[in-house]
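> Structure for the following, please:
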Amino acid sequence: MLRQTITAARLLAALTLLTGVVYPLVVTGIARLVAPAAAAGSLVDRTGRPAPPAAAVGSALIGQDFRGDRYLWGRPSATAPRPYQGDASGGSNLGPLHPDITAAAEARLATLAAGGAAIAAVPVDLVTASASGLDPHISPAAAAVQIARIARARGIPEDRVREVVRRHMVGRTLGILGEPRVNVLLVNLALDAGD
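Residues are numbered from 1 along each chain as shown. Down below sits the predicted model:
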């Protein structure tokens, strides 16, 4: 029995070392060689370019809570207690018919309508949270319904805002996977930079 316990302890130590230390280091090393920006969290500076953590204003992979009419608003976040809290990723676990979900969607619609958006034109991704609660992207339609509000608040032509949105639109991955999308952080950084 003692011999089996010692063998099991050795096996546990070896597998812990292999899968808990060696494997993660190898995968991280390969990722840093193949895609260094993504391996570092896709951090960007105020210009939207890859940045070290000290100079970063956000990640292109995690949504941020933009408020104010001057900004493109992202998809609502279900993370609590603060929106877009990376360590609290996940949905709200409330069903689609829960009164809190309905109230949040109605409040978001009212805010969008107050900004000039036609309720019938508001896509679902502007009023409902994603499964992760951290989406950095919205659909091109969700960006389009906000262009007039942003242009009015910034005092610039709608075509200029539309062009910034168009430049930060990403198509389907490999031409077939996913849907076209717009990165909210990158659009807002470009707008703030006067692009």
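> how about the strands in this structure?
Per DSSP state E, the chain carries strands over the ranges 43-44, 58-59, 137-138, 169-170, 181-183.
> Could you dump those into JSON lines and include mean pLDDT?
Converted to JSON lines, those look like this (pLDDT from 0 to 100):
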{"stretch": "strand 43-44", "mean pLDDT": "84"}
{"stretch": "strand 58-59", "mean pLDDT": "84"}
{"stretch": "strand 137-138", "mean pLDDT": "92"}
{"stretch": "strand 169-170", "mean pLDDT": "92"}
{"stretch": "strand 181-183", "mean pLDDT": "94"}
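> Go through those strands and pick out the most buried.
Most buried of those, by mean neighbour count (mean count of other CB atoms under 10 Å): strand 137-138, with a mean of 26. Where C-beta positions appear, they are placed from N, C-alpha and C, glycine not excepted.
> For the chain, which residues score under the pLDDT cut-off?
80-81, 91, 195 (pLDDT under 70).
> what residue lies at the spatial centre of it?
Centroid check for the chain by CA atoms, centre = their mean gives residue 136 as the closest residue, at 1.9 Å.
> surely it meets residue 185?
Yes: contact status for residue 136 versus residue 185: in contact at 6.0 Å, counting by CB atoms under 8 Å.
> and for the two, which residues touch both?
59-60, 63-64 (CB atoms under 8 Å, 6 or more residues apart in numbering).
> Closest one of those residues to residue 89?
Residue 89 lies nearest to residue 63 out of those, by CB to CB, at 10.6 Å.
> show me what contacts that closest one?
Taking CB under 8 Å, 6+ apart, one finds 74-75, 77, 84, 134-136, 184-185 in contact with residue 63.
> same thing but at 7 Å, please
Listed by CB atoms under 7 Å, 6 or more residues apart in numbering, the contact set of residue 63 reads 74-75, 77, 84, 134-136, 184.
> Also residue 57?
44-46.
> Residue 44 versus that one, what's the distance?
Counting by CB to CB, to the nearest Å, the gap from residue 57 to residue 44 is 7 Å.
> How about residue 161?
Distance, residue 161 to residue 44, by CB to CB: 20 Å.
> cool, residue 110 as well?
Taking CB to CB, one finds residue 110 at 32 Å from residue 44.
> Repeat that for residue 180.
Distance from residue 180 to residue 44, by CB to CB: 20 Å.
> Equivalent analysis for residue 189, please.
From residue 189 to residue 44 the distance is 7 Å (CB to CB).
> got it, and residue 54?
Distance from residue 54 to residue 44, by CB to CB: 13 Å.
> Over to residue 137?
Taking CB to CB, one finds residue 137 at 14 Å from residue 44.
> again with residue 33
Distance of residue 33 to residue 44, computed by CB to CB: 21 Å.
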